[in-house]
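K.L.:
build me a model from this:
(chains A and B)
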There are 2 protein chains.
Amino acid sequence: MLTAFHTDLYELTMMAGYWSAGLTQPATFELFVRRLPEERSYLIAAGLEPVLEFLEQVRFTADERDWLKRLPQFAHVPADFFDGYLANFTFTGDVWAFEEGTAAFANEPIVRVTASLPEAQLVETALLATIGFQTSVATKAARVVSAAQGRSVIEFGARRAHGLGAADQATRAAFIGGCDGTSLVEAGRRYGIPTSGTMAHSWVEAFPGESQAFEAFGRLFGDSAVYLLDTYDTLRAAAGLAKSGLRPSVVRLDSGDLPSLSRQVRQILDAHGLEKTKIFATGDLDEHRISALVSGGAPIDGFGVGTALTTVSDAPALGVVYKLVEIERQGQRVGVVKHSPEKQTWPLRKQVWRTESRGRFVGDLIAADDEAGPPDAQPLLRRVMVDGRRTSPPVSLAVSRSRCRVSIERLPNAVKSLDAPDQYNVTTSATLESRRSKA
Amino acid sequence: MLTAFHTDLYELTMMAGYWSAGLTQPATFELFVRRLPEERSYLIAAGLEPVLEFLEQVRFTADERDWLKRLPQFAHVPADFFDGYLANFTFTGDVWAFEEGTAAFANEPIVRVTASLPEAQLVETALLATIGFQTSVATKAARVVSAAQGRSVIEFGARRAHGLGAADQATRAAFIGGCDGTSLVEAGRRYGIPTSGTMAHSWVEAFPGESQAFEAFGRLFGDSAVYLLDTYDTLRAAAGLAKSGLRPSVVRLDSGDLPSLSRQVRQILDAHGLEKTKIFATGDLDEHRISALVSGGAPIDGFGVGTALTTVSDAPALGVVYKLVEIERQGQRVGVVKHSPEKQTWPLRKQVWRTESRGRFVGDLIAADDEAGPPDAQPLLRRVMVDGRRTSPPVSLAVSRSRCRVSIERLPNAVKSLDAPDQYNVTTSATLESRRSKA
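P.N.:
Modelled structure (predicted):
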């Protein structure tokens, strides 16, 4: 559960500063990614629901206020900041955002927050960490699922996650990105994601022999049993199992030369009338290895993906930023631009418009919020929170997952390619460019 | 807070299976890393305290048991497993472990669990995720802190962490690894880690001009104010601040050519009698960039490190494994060995002995638990839990941090080197080798 203290200290010092200086007017921040990580040609937005939940419930407890008051940095901050302002604090801002499962690209604001300056500032850290990580994982999952071309993909990475809080978030995002299930039990209970599991090597080793281990598992778990073959010798295990009379639904390969082993195991199973037994593969898989297995015709029916997915090991940090783009001064909205080298931003509130043609996305336009969009284009930033309350009930994971599937279907094939993908066409409006140069 | 459900489903199916098959005898698992990640020549063990806390409190709630009972996989598991065994479940095993902050190497068991087989199996996922991630971060922090050669290092990575649960764990581990503080407020409150913060670009932009922004901040925060210089133009900001009469304690550089900017800012400050004002640098720093800045003589007094530390971006997953090494059969301890290619393990319980000479570690010996260690060597696996209870009160972070500092001091210089380090000398005992070949 996120609390108000899940934030960087500077958000709190700045809050105190804004409050003391009387800067409590409305301001707008936008969350976006300046450049996509290498090997990414699109993102899948995720993490919005937990963020909205956080915004609805964020408060400062008496304990937290007392703790803060005693920090040396806050020695000169008036008591009324803690006992008045923070004691009554709730988030009362408006939020516009890409819905979870929507494809997104560099420089597109995927969340836009308009709130009193101290409120909008406080929530920066939680928004960046939550949206950044879940978007990262949903994107990776979409790549892995695409590579599997319809074969089942299960997320198996809890043990390698950055702690089990990260595992929980990763599981949720991986499901949005298209995974069919997870090994993490808590995610099954909390989110209703299908849970699945096999057996560990320790199960096989705990018995005096492999056949006894298989037999005991099969007796208890029947059709839901998945038999792990590589504890001692994969082919011997496959042959033993095939002859055992257990009629396994699924066997699992976890090491060795998967293209060759999967073919040999398939032959052994088929030779014993086990044509319906499925082969499930695990072991340091990612989208590239899966793509090679699939295109090489390996008879594998499903994949368990752990580390690559849960830690997004090839791009473990997504460079999301949360930038002030507009502030009210004397009742006027004023655009804010940062001129640091390579870190420019466009001023004022923006909207992103997506144009489709014959069931495919053809391009996005980043425009000022007060411009009309192109004819037939859809606005991607939707109003999801007004005055600190959601505009509609929480969206189910199934809906977000299905939105992701549609996004992937509609992306141009050349953009989806794993190798040397094309860049998707994103332009900025003339109005926006002219405001930047004038700002 | 970790629960029993923060585990992979197969741990629970195997528990049910062991229980059904009567396999509830003592078994021993060891947690270790087969190979260090590239660019790592040592590890700093971390994550033990949260694991012990988890082991002391892990239970199955009535809700959890009901949920599990309704899972299709558990359809044939007798009700007594849920209502009897799980309802009364507590962890009653023994744990031996490297204390937090201890240097560790490949193949050294850093945690050893002996418990009834289902108990030892259940906790696998939580142990791997917690010890794996925190060890990863503590190790990275030790490298970064070593590179800073006595300059202050603050962990600033919450916004890039894999969610804020990961941020919390990373902060704790980074402090053990030698960081001086964190930006994460919750970590300050929960762990007593010194918190620090500066100001964001949005602070500067929220005011009509930079000088007003600096003045408002300085008035409220006095000596604890850190002034961010790069919102518009670093050198102009430095000059403006130097002439403002604010007497800043610390200024922060966040972009641009740090070696050159830090020298120019130092000159500007000194020219205005601000010799005591410190320069703090941030912006995609890691041990290599810090080492280059320090060896190049850049006048920087402290570093804020975010992404590289919190996501361990160059090695985001540590390949920790948790392997069954021993099981009791007919009252005898039997060694367990897995023969899969490249995944061999040594059977039976082990101990690790470290030899020092003239204040330096000279080598480790991985031996069987029932062997005598070398004369003058210290055993690194300490008994930290007996029958599910800690053998001593929780160790403070300060103690673990100081143990880490001593570990780093005593590592051979050639092993600590950032570039092409030597491998530390770790051997396995003849007894262990002979048992492996016989197993």
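K.L.:
list the buried residues of the host helix or strand of A:Gln212.
P.N.:
In this assignment (DSSP states H and E), A:Gln212 forms part of helix A:210-221. Under the neighbour-count criterion of 16 or more other C-beta atoms under 10 Å in any protein chain shown, helix A:210-221 has A:210-211, A:213-218, A:220-221 buried. Using the backbone N, CA and C atoms, a C-beta is placed for each residue, glycine as well.
K.L.:
contacts with chain B among the residues you listed, please.
P.N.:
Among those, the residues within reach of chain B (C-beta under 8 Å from any C-beta of the partner chain) are A:216-217, A:220-221.
K.L.:
of the residues you listed, which pair is most distant in space?
P.N.:
By the measure C-beta to C-beta, A:Ala216 and A:Phe221 form the most distant pair in these, at 9.5 Å.
K.L.:
before we move on, the earlier item: out of the ones next to chain B among the buried residues of helix A:210-221, which is nearest to B:Ile176?
P.N.:
When these are ranked by distance to B:Ile176 (C-beta to C-beta), A:Phe217 comes first, at 40.3 Å.
K.L.:
that closest one reaches A:Thr198, doesn't it?
P.N.:
No: using C-beta atoms under 8 Å, A:Phe217 makes no contact with A:Thr198, being 9.5 Å away.
K.L.:
related to what we said a few turns ago, residues shared between the contacts of A:Ala216 and A:Phe221?
P.N.:
Counting by C-beta atoms under 8 Å, 6 or more residues apart in numbering or on different chains, the contacts common to A:Ala216 and A:Phe221 are B:Gly17.
K.L.:
next structured bit after the helix holding A:Gln212?
P.N.:
Later in the chain than helix A:210-221, the nearest helix or strand by DSSP H and E is strand A:226-228.
K.L.:
which other helices and strands contact that following strand?
P.N.:
helix A:201-206, helix A:210-221, strand A:250-253 (3 or more C-beta pairs under 8 Å, 6 or more residues apart in numbering or on different chains; DSSP states H and E).
K.L.:
6 Å - rerun?
P.N.:
When contacts are defined as 3 or more C-beta pairs under 6 Å, 6 or more residues apart in numbering or on different chains; DSSP states H and E, strand A:226-228 packs onto strand A:250-253.
K.L.:
pairing partners for the strand it packs on, with directions?
P.N.:
Strand A:250-253 pairs in its sheet with strand A:226-228 (parallel), strand A:278-281 (parallel), by DSSP bridges.
K.L.:
what's downstream of the first one, the next helix or strand?
P.N.:
In the C-terminal direction, the helix or strand that comes right after strand A:226-228 (DSSP H and E) is helix A:234-243.
K.L.:
that following helix near chain B anywhere?
P.N.:
No: counting by C-beta under 6 Å from any C-beta of the partner chain, no contacts exist between helix A:234-243 and chain B, the nearest distance being 8.7 Å.
K.L.:
that helix - contacts with which helices or strands?
P.N.:
In terms of contacts (3+ C-beta pairs under 6 Å, 6+ apart), helix A:234-243 is packed against helix A:210-221, helix A:258-271.
K.L.:
that helix versus helix A:258-271: what angle between them?
P.N.:
Put simply, helix A:234-243 runs at 20 degrees to helix A:258-271, going by axes from the mean of the first three to the mean of the last three C-alpha atoms, to 10 degrees.
K.L.:
show me what contacts A:Ala148?
P.N.:
Neighbouring residues of A:Ala148 by C-beta atoms under 6 Å, 6 or more residues apart in numbering or on different chains: A:290, A:303.
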